[in-house]
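*Asks:* just to be clear, the model below is a prediction. Sequence and coordinates:
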Amino acid sequence: MQTIGVIGSGLMGNGIAHVAALAGYDVILSDVEMSRAEAARSTITKNLARMVGKGTATQDAADAALARLTLTTDNAAHEAADLVIEAATENESVKAKIFQSLTLQPHTLLATNTSSIGITRLASTTDRADKFCGLHFFNPVPLMALVEIIPGLATSADTTAAMHAFATRLGKTAIEAADSPAFIVNRILCPMLNEAIFALGEGVGSVVDIDTGLKLGANHPMGPLTLADFVGLDTLLSIMRVMQDGTGDPKYRPAPLLVRYVEAGWLGRKSGRGFYDYTGPEPVPTR
Ligand code: NAI
């Protein structure tokens, strides 16, 4: 593999393009508007400069990575790729339309970074279910060491092995998950965050006491309500609903307070308010 296509240059796409270019791959990064792809290149440039500042990458490596990055608004450009990773908006019909619009070489592998859509279901919208796989990165991609590899029903052993080799070359640790709602990490993490919101809603503890409890009592680097705000409360709610709908198990029901916060537009860090208020110099607990 020499050329990697990345479709969607948002939060995840720019991170995936960053780590692939830094690992020596030629990277084609596409989005619907050039301004979005350009914004991704600025983010990658800034994040590479930060790595150089910290001594985790050399200036030469950062310059070479940027030189390996090509931006486009034309998904047909992915014909040059050996592996195409779809990291577009989390919407099944958007993804299916993208897959149907691609013209790929026969050997090219196709991966999706979806957090919640079934891999086997998405594979069936492509012309290469045996060469299709889930490849789930974590935010922020350059800093998070993990990748989940999720083979679908028809994914070949060669495709899965190629995903492992790719993740290793990126310097990531890969784990393999079954094609089951929320895979491994979100399946276990999100119910814990949801439970923290149940506890807050039931008055079991304050925002600060719940976060401090898990930080000092369970050695978590970040409290669950801080982490929920970071993930985005709308994203957390949507993952809980995927698990509830996908399993039919009421243990995954979203906390009523989580639903209310999302209805209020309090989505966490990105909206300026979640369980903390982010509009000042320091986050301030809201309950
Ligand atoms: P985002 O909203 O930041 O970026 C999505 C990008 O896709 C946008 O720039 C949009 O313009 C572009 N796009 C939409 N339609 C397109 C098309 N037809 N062709 C090319 N580009 C198109 O979303 P984000 O957060 O980067 O998520 C992308 C994927 O990664 C989703 O499937 C999401 O579930 C998954 N994911 C997100 C994580 C997160 O923490 N945000 C973590 C792991 C996976």
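*Replies:* Looks like it arrived, so ask away.
*Asks:* how far away is the residue in the chain that the ligand sits nearest to from D211?
*Replies:* Proximity of the chain to the ligand (CB to the nearest ligand atom) peaks at G10, 1.8 Å away. C-betas here are computed from N, CA, C, even on glycine. Using CB to CB, to the nearest Å, G10 is found at 28 Å from D211.
*Asks:* ok, N139 next?
*Replies:* Look at N139 and D211: by CB to CB, they are 20 Å apart.
*Asks:* so for these two, which residue has more residues nearby?
*Replies:* For N139 and D211, the more surrounded residue by other CB atoms under 10 Å is D211, and the numbers stand at 24 against 15.
*Asks:* wouldn't that one be in contact with D229 here?
*Replies:* No: D211 is beyond contact range of D229, at 10.1 Å (criterion: CB atoms under 8 Å).
*Asks:* can you map out the helices along the stretch 101-250 of the chain?
*Replies:* Along the stretch 101-250 of the chain, counting by DSSP state H, counting those that start in this stretch, helices occupy 119-123, 157-169, 185-201, 207-217, 224-231, 233-247.
*Asks:* which residues sit against the longest one?
*Replies:* I take that to be helix 185-201. Residues outside helix 185-201 that contact it (CB atoms under 8 Å, 6 or more residues apart in numbering) are 115-116, 138, 146, 148, 180-182, 205-207, 210, 214, 223-225, 227-228, 231, 236, 239-240, 243, 251-252, 254-258, 275, 287.
*Asks:* also near the ligand: which of these, exactly?
*Replies:* Contacts with the ligand within these, as defined by CB under 6 Å from any ligand atom: S115.
*Asks:* from the contacts of helix 185-201, list just the buried residues.
*Replies:* Among the contacts of helix 185-201, those scoring as buried are 115-116, 138, 148, 181-182, 205, 207, 210, 214, 223-225, 227-228, 231, 236, 239-240, 243, 252, 254-255, 257-258, 275 (criterion: 16 or more other CB atoms under 10 Å).
*Asks:* list the buried residues in the helix ranked longest in the chain.
*Replies:* Secondary structure of the chain per DSSP state H: the longest helix is helix 34-54. By neighbour count on 16+ other CB under 10 Å, the buried set for helix 34-54 is R36, A37, A40, R41, T43, I44, N47, L48, M51.
*Asks:* would CSV of the residues you listed with pLDDT and distance to L104 be doable?
*Replies:* CSV is the format used below for the buried residues of helix 34-54 (pLDDT from 0 to 100; distance: CB to CB, whole Å):
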residue, pLDDT, distance to L104
R36, 98, 23
A37, 98, 20
A40, 98, 22
R41, 98, 24
T43, 98, 27
I44, 98, 24
N47, 98, 29
L48, 98, 29
M51, 97, 32
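*Asks:* if we look at the ligand, which of those are close to it?
*Replies:* R36.
*Asks:* which one of the buried residues of helix 34-54 is nearest to T72?
*Replies:* The closest of the buried residues of helix 34-54 to T72 turns out to be A37 (CB to CB; 7.1 Å).
*Asks:* contacting residues for the closest one?
*Replies:* By CB under 8 Å, 6+ apart, the contact set of A37 is S9, L29, S30, D31, L71, T72, T73.
*Asks:* just put the residues you listed in CSV and tack on neighbour count, pLDDT and secondary structure.
*Replies:* Below are the contacts of A37 laid out as CSV (neighbours: other CB atoms under 10 Å; pLDDT from 0 to 100; DSSP: H, G, I helix; E, B strand; the rest coil):
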residue, neighbour count, pLDDT, secondary structure
S9, 28, 97, coil
L29, 28, 98, strand
S30, 26, 98, strand
D31, 24, 98, coil
L71, 18, 98, strand
T72, 16, 98, strand
T73, 13, 98, coil
